[in-house]
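J.: got a predicted model here, sequence first, then my questions.
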Amino acid sequence: MKKAKIYVPSKTSMQSGLAKSNKWVIEFETKNPGVNPLMGWESSSDTLSELNLEFSTKELAIEYAKKNKIVFELIEPQKRNVIKKSYADNFLK
């Protein structure tokens, strides 16, 4: 059986906004990863490891996985702790 994880990808370190953080992704697990003897990179003959499917909602991703008999692990996104700061606070201490 195919195994996958469903999650919301985190924002990249190159962006400060939350663009593309509202999509849910199904990512398949790599079977039998091996090390390329020439370059030392991890490789696999499993082509599903290269496939990432994007969905607009969590429910659509779960429905797709159940319809295609994919065993999945659901990883819920963590809530952000927003600490409101004021520039003036740097000078008041």
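T.: Perfect, thanks for sending it.
J.: helices and strands of this structure: which one bottoms out on pLDDT?
T.: Of all helical and strand segments in the chain, the minimum by mean pLDDT, DSSP states H and E falls on strand 42-43, at a mean of 76.
J.: what residues does it touch?
T.: Thr30, Pro33, Gly34, Val35, Asn36 (C-beta atoms under 8 Å, 6 or more residues apart in numbering). Backbone N, C-alpha and C define where each C-beta goes, glycine included.
J.: just checking, the fourth one touches Trp41?
T.: Yes: the pair formed by Val35 and Trp41 meets the contact definition of C-beta atoms under 8 Å, at 7.3 Å.
J.: ok, now which ones touch Ile70?
T.: The contact partners of Ile70, taken as C-beta under 8 Å, 6+ apart, are Met1, Lys2, Lys3, Ala4, Ile26, Tyr64.
J.: emit the PyMOL select command for whichever of those residues are buried.
T.: The buried residues among the contacts of Ile70 can be selected in PyMOL (16 or more other C-beta atoms under 10 Å) with this line:
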select buried, resi 4+26+64
